[in-house]
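Participant: with the sequence up front, the predicted model follows.
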Amino acid sequence: MLAHLKPSPSTSGHVVDATIPLLVKETHDQAISVLAAALPGHLSALLQSEEALSSSTIALIAKEMGNSKPIIRRALSSVVGYAIWSNAALDTGSAKAFTKAVHPSLENALKTISANPLTSSAGPVEGYIAAACLMGPFTESGTFSFVFYLAMVVYWRCAGLFSTPNPSLQALSATGTKPSFLLWDKVYVKVTDAEDQLWLLRACEAVFSFFASDLKKNETLRCVLCHLVVCVCHMLI
């Protein structure tokens, strides 16, 4: 029934406020998937409008993005990621309040996946979503005082794109250093879910758009990235 409600500023707030508490308490995997599938359009509609989402719901979303249950984390990360990715401007008051609340959760997801990309219980998708949002819409909007801080966190500490903290990109090859979770073939070849593959491509688009000028100087990384994109596109066919 929720899936048939058309997103709008007048109804979407009620849908999100009512559905999020149900989702985080649900124990049946299929029910969680159904509830999560009904939310992205409504949350996106709210971020595009000035219709504020309740502070308690925002806080609950941010908190439960770190839920101990992988399926809950995955569901909320996907909902949040879609809403942010589809609202790249993030220029409304509701969008600013929402993104300010969830950015620590995205950052934590990125750190967690970066540290253990092969053993994450929910797979690497949470890291892909976080990288795509932080280095994409968050940075592109230019409206957040913490954007530069986030970019540096992703650059040096979280994404693990470089073997050492150096202003220029370090060459990433198959030998010598451990690649980032984004570029590691042992990670992305195991990504079989179509939505996860899409978020992987979005993460690549966001991160490497941000570092476009550095890519021009690093042929090795360009080759690695091209190989990654070709592999994922082949999987999507």
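Facilitator: Right, received. Where do you want to start?

Participant: can you map out the helices along this protein?
Facilitator: 9-25, 29-37, 40-48, 55-64, 70-85, 93-115, 125-133, 139-141, 147-152, 185-188, 194-210, 212-215, 219-236 (DSSP state H).

Participant: what is the mean pLDDT for the third one?
Facilitator: Helix 40-48 shows an average pLDDT of 93 in the prediction.

Participant: and the angle for it with helix 70-85?
Facilitator: Angle, helix 40-48 to helix 70-85, by axes from the mean of the first three to the mean of the last three Cα atoms, to 10 degrees: 40 degrees.

Participant: could you say what helices and strands helix 40-48 packs with?
Facilitator: Helices and strands touching helix 40-48, as assessed by 3 or more Cβ pairs under 8 Å, 6 or more residues apart in numbering; DSSP states H and E, comprise helix 9-25, helix 70-85, helix 93-115. For glycine as for every other residue, the C-beta is placed from the backbone atoms N, C-alpha and C.

Participant: let's go with 10 Å and repeat that
Facilitator: Helix 40-48 is packed against helix 9-25, helix 55-64, helix 70-85, helix 93-115, with contacts defined by 3 or more Cβ pairs under 10 Å, 6 or more residues apart in numbering; DSSP states H and E.

Participant: report the buried residues of stretch 199-206.
Facilitator: For stretch 199-206, the buried set under the neighbour-count rule, 16 or more other Cβ atoms under 10 Å, comprises 199-204, 206.

Participant: what's the answer for stretch 46-62, then?
Facilitator: Of the residues in stretch 46-62, 46-49, 51, 53, 57-58, 60-62 count as buried by neighbour count, 16+ other Cβ under 10 Å.

Participant: just the endpoints, please. Distance across it?
Facilitator: One end of stretch 46-62 to the other measures 16 Å (Cα to Cα, to the nearest Å).

Participant: same deal with stretch 22-30?
Facilitator: Looking at stretch 22-30, the gap from its leading to its trailing residue is 13 Å under the measure Cα to Cα.

Participant: outside of it itself, list whatever touches it.
Facilitator: Around stretch 22-30, the neighbours that count as contacts under Cβ atoms under 10 Å, 6 or more residues apart in numbering are 2, 31-36, 38-39, 60-61, 63-65, 67, 69, 71-72, 75-76, 79.

Participant: filter the residues you listed to the buried ones?
Facilitator: Judged by neighbour count, with 16+ other Cβ under 10 Å as the criterion, the buried members of these are 32-33, 35-36, 38-39, 60-61, 64-65, 69, 71-72, 75-76, 79.

Participant: which one of the residues you listed is nearest Ser94?
Facilitator: Nearest to Ser94 among those: Ile61, at 13.1 Å, using Cβ to Cβ.

Participant: distance to Pro179 added to the helices of the chain, as a markdown table?
Facilitator: As requested, the helices of the chain are arranged in a markdown table below (distance: least, Cβ to Cβ, whole Å):
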| stretch | distance to Pro179 |
| --- | --- |
| helix 9-25 | 34 |
| helix 29-37 | 31 |
| helix 40-48 | 31 |
| helix 55-64 | 30 |
| helix 70-85 | 22 |
| helix 93-115 | 11 |
| helix 125-133 | 13 |
| helix 139-141 | 23 |
| helix 147-152 | 20 |
| helix 185-188 | 8 |
| helix 194-210 | 13 |
| helix 212-215 | 15 |
| helix 219-236 | 8 |
